[in-house]
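J.: here is the input, now give the coordinates:
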Amino acid sequence: MRPMKPREERIRVGGIDVHTWIGGDGAPLLVLHGAGGNRGFTRWAERVAQRFTVWAPTHPGFGLSGDAEWMDGIDDLARFYLWFMDVAGLVRPHVLGHSIGGWTAAEMATMSPGSIDRLILVAPAGLKPETGEILDVFYYPPPQLLPMTVHDPKTVPEWDALFGAPLSPAQQEIAVRNREMTARLTWKPYMHNPRLASFLPRVTNPALILWGREDRIVPVECGEQYRRLLARATLTVLDKCGHLPPIEQPDEFARHVLDFLGGDVRR
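T.: Residues are numbered from 1 along each chain as shown. Next comes the predicted model:
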């Protein structure tokens with residue numbers, strides 16, 4: 001059984017129109033995207049939406065959402081999404097975040113752990129690696145950076161659909177906008193919050209941390225750091241997978257999400 005086609009809405013929060021994909025059936029799952037922007041309902045989301053209602057907003061300053069010139073850190077984005085939840089009527093949703101979206105989800109959980117249910121962090125930034133380093137994504141031009149985000153483009157089921165065609169002028173403009181907003185939110189200190197580690201032990205929500213073993217953007221060792229700091233976290237590392245588990249291994253990724261949230265895909 002396939003979920004109904006997702007709809008697009010603009011949800012106004014604090015004077016900002018937030019472009020949001022909504023679809024599925026069941027308890028709410030708030031999905032926070034990474035620096036590459038909101039890709040909408042890709043294969044993994046379609047599978048999870050058979051059991052949960054997926055809310056996938058586009059961060060302010062990204063994609064088709066409005067600007068937030070006052071926002072200059074991930075902590076601002078986290079507070080904004082707690083506000084978004086109030087406006088959208090999301091009561092204790094599960095929260096899943098990828099990369100800077102995972103960092104945002106972690107910050108949200110430290111600010112108001114009672115506001116969310118289960119927490120899924122997918123290769124999140126936010127913690128400074130103890131030995132390695134987070135790749136300087138702004139050093140590389142986008143065409144060079146893209147293949148570095150995955151283990152092997154040839155194994156990504158949706159590679160052609162997502163990345164196969166040249167960007168239109170409008171898509172190029174959005175890509176530049178996404179990159180500029182990412183820099184504003186994450187540049188100093190680069191891709192981490194020195195205080196986050198001190199607050200993560202407050203979070204007692206069940207948490208699943210998912211990482212690709214071959215992640216060249218955020219070292220997998222950061223996953224172990226998150227696991228140690230979160231009271232009820234488990235870490236799952238996917239082999240032959242880079243920084244984009246949701247699109248590199250969408251079926252396996254969806255399975256882990258559904259197993260953790262307690263819902264099998266309806267046949």
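
J.: every contact and neighbour count from this point should use C-alpha atoms.
T.: Noted.

J.: residue 214 versus residue 159, what's the distance?
T.: 18 Å (Cα to Cα, to the nearest Å).

J.: more neighbours: which of these two?
T.: The residue with more neighbours, out of residue 159 and residue 214, is residue 214; 21 against 14, by other Cα atoms under 10 Å.

J.: if I read this right, that one contacts residue 242, doesn't it?
T.: Yes: contact criterion Cα atoms under 8 Å: residue 214 and residue 242 qualify, at 4.7 Å.

J.: overlap in contacts, these two.
T.: By Cα atoms under 8 Å, 6 or more residues apart in numbering, residue 214 and residue 242 have these common neighbours: residue 151.

J.: OK, contacts around the closest residue to residue 230 other than its chain neighbours?
T.: Among residues not flanking residue 230 along the chain, residue 201 sits closest, at 5.3 Å (Cα to Cα, 6 or more residues apart in numbering). Contacts for residue 201 (Cα under 8 Å, 6+ apart) come out as 229, 230, 231.

J.: closest to residue 246 out of these?
T.: residue 230 (22.3 Å; Cα to Cα).

J.: that closest one contacts residue 197, correct?
T.: No: between residue 230 and residue 197 there is no contact under Cα under 8 Å: 9.2 Å.

J.: these two: who's more crowded?
T.: Comparing residue 230 with residue 197 by other Cα under 10 Å, the one with more neighbours is residue 230, at 22 against 19.

J.: how about the more buried one, what does it touch?
T.: Applying Cα under 8 Å, 6+ apart, the residues near residue 230 are 200, 201, 202, 203, 204, 207.
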